[in-house]
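Trainee: Give me a model of this one.
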Amino acid sequence: MNVPLILFRHAHVYSPQDLGFCDVLCAGGRIAAIGAALELPPASWPCEVVQLDGARLIPGMVDGHVHLCGGGGEAGAHTRVPRVQVPHLTLAGVTSAIGLLGTDGSTRSVAESLACARALEHAGLSTWCYTGSYELPLVTLTGSVRGDLVHNDRLIAVGELALSDHRSSQPTLQELLRIASDCHVCGMMTGKAGLLHLHMGDGPRGLELVRQALQQSELPARTFHPTHVNRNRQLWQQTKDLHRERGIFADVTAFEPDDDSLGVAAAVADWLDSDLDPSKLTASSDGGGCLPVFDGDGGLLRMEVGQSMGLSDALVQLLASGRTLQSVLPTFTSNPARLFRLRAKGEIAVGRDADLVVLDDAGRAREVVANGNWMVRNGKALVRGQFDDQTPDTR
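Mentor: Numbering: from 1, shown residues only. Got it, this is the predicted structure:
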């Protein structure tokens with residue numbers, strides 16, 4: 001893929017820290033220089049100059065929970081969600097995504113997730129995957145967690161193993177500890193994320209099994225990464241309490257809230273206002289996943305599909321409420337990059353990957369560059385996958 005030289009002039013750069021107004025030069029897919037009034041490269045080096053006139057420039061978002069090959073299927077094969085398309089991510093300002101399986105580890109596979117990740121990377125994005133799914137025994141590629149995490153560079157963690165949910169395999173404490181131990185040790189061996197990404201359901205036990213695992217083992221708190229923790233207020237309170245006690249990371253999901261849940265914007269605001277560690281909160285979209293509502297017998301009442309645009313919507317809401325971009329941006333960028341040990345992602349700094357998003361006045365992605373290549377211009381997707389729909393973009 002062609003990787004041009006791009007010089008952004010007079011950008012208001014959030015790295016995510018507020019760096020003020022400066023120029024940013026991208027070369028070879030990375031950030032080559034940041035500074036005031038950077039000199040143009042030699043004339044023989046073709047360079048596109050983009051005048052931003054003070055527009056905000058942020059790192060590309062890191063979406064740590066995307067069903068790249070689609071989720072769903074909980075009401076029959078006809079309810080399987082299609083795969084995620086390139087513009088579903090880029091129009092939301094997402095340049096890095098981590099793919100996973102959910103309820104269905106029978107007709108979906110880790111191999112399929114990897115294939116979808118490679119297709120998105122061919123289009124210019126950065127992608128990784130989890131091994132496993134909701135169920136036990138874990139669905140893997142090589143037959144074991146250690147085999148997957150040690151021998152496949154794109155597999156970086158285990159997820160999303162389901163707890164406190166009627167769709168869970170109801171793992172015991174010892175089973176949970178054994179999987180988490182494999183994650184932690186493999187993370188040490190490989191420099192990968194080395195964590196266990198946990199789907200949290202609405203069950204009344206909530207995070208109790210995670211609490212017991214931390215009390216009865218030597219595993220670091222970062223090994224356990226519960227997601228969907230904003231799905232009900234009891235679980236949200238348990239999450240904040242366990243964070244105060246043990247320092248766990250937490251992941252909030254971009255879904256439409258109801259009376260008993262919190263949207264991402266409300267959850268981020270509450271976390272910051274509760275004086276919790278702002279570096280230990282991440283946000284993800286559940287993009288491509290089924291967002292089901294069940295009756296008391298486990299029957300599906302209705303379902304929606306997660307969209308990465310939910311992350312963009314949350315950022316807009318936070319800014320509209322008066323939050324500063326510098327205070328909320330790490331939740332979507334540097335926090336997940338650091339947690340998942342994606343060392344070239346999540347920040348605007350010399351040597352990092354050139355994943356950059358220009359925001360419009362409301363805070364939506366107006367222009368998007370991934371690995372130094374244009375993906376979105378003026379709110380329109382420039383790059384699509386081989387079989388992506390050719391319908392007009394919708395915002």
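Trainee: where are the low-confidence patches of the protein?
Mentor: 1-3, 291-296, 298, 300-303, 390-395 (pLDDT under 70).
Trainee: which residues of it fall in helices?
Mentor: For the chain, helices defined by DSSP state H occupy the ranges 86-90, 110-122, 145-151, 173-190, 208-215, 233-246, 264-273, 309-320, 325-328, 334-339.
Trainee: residues making contact with the fourth one?
Mentor: Pointing back at helix 173-190 there. 136, 138, 144-146, 149-150, 157-158, 161, 163, 171, 192-196, 209-210, 212-213, 216-217, 219-220, 223-224, 341 (C-beta atoms under 8 Å, 6 or more residues apart in numbering). The C-beta positions use only the backbone N, C-alpha and C, and glycine is treated the same way.
Trainee: Now intersect the residues you listed with the strands, please.
Mentor: The strands, defined by DSSP state E, take in 157, 158, 161, 163, 196, 224 from the contacts of helix 173-190.
Trainee: if I pick the fourth one, what's in contact with it?
Mentor: In this structure, residue 163 makes contact with 171, 176, 198, 199, 200, 201, 203, 205, 207, 209, 210, 226, judged by C-beta under 8 Å, 6+ apart.
Trainee: repeat that with 6 Å
Mentor: Contact analysis of residue 163 by C-beta atoms under 6 Å, 6 or more residues apart in numbering lists 198, 200, 209.
Trainee: burial count for the last one?
Mentor: Okay, so that is residue 209. A count of neighbours around residue 209, defined by other C-beta atoms under 10 Å, yields 20.
Trainee: where's it relative to residue 232, distance?
Mentor: 17 Å (C-beta to C-beta, to the nearest Å).
Trainee: distance of the residue lying closest to residue 239 once chain neighbours are set aside from residue 238?
Mentor: Residue nearest to residue 239 in three dimensions, not counting chain neighbours: residue 229, with 4.2 Å by C-beta to C-beta, 6 or more residues apart in numbering. Separation of residue 229 from residue 238 (C-beta to C-beta): 8 Å.
Trainee: And residue 159, by the same measure?
Mentor: Taken as C-beta to C-beta, the span from residue 159 to residue 238 is 19 Å.
Trainee: Kindly report the domain assignment for this protein.
Mentor: Using automatic domain parsing, the domain ranges for the chain come out as 5-58+347-381, 60-339.
Trainee: So what's the residue count around residue 152?
Mentor: Residues near residue 152, counting by other C-beta under 10 Å: 17.
Trainee: Quick one: residues contacting it.
Mentor: Applying C-beta under 6 Å, 6+ apart, no residues qualify as near residue 152.
Trainee: rerun that using 10 Å as the cut-off
Mentor: For residue 152, the contact set (C-beta atoms under 10 Å, 6 or more residues apart in numbering) comprises 110, 114, 129, 131, 140, 141, 142, 190.
Trainee: wait, residue 240 sits on residue 272?
Mentor: No. Assessed by C-beta atoms under 10 Å, residue 240 is found out of contact with residue 272, at 11.7 Å.
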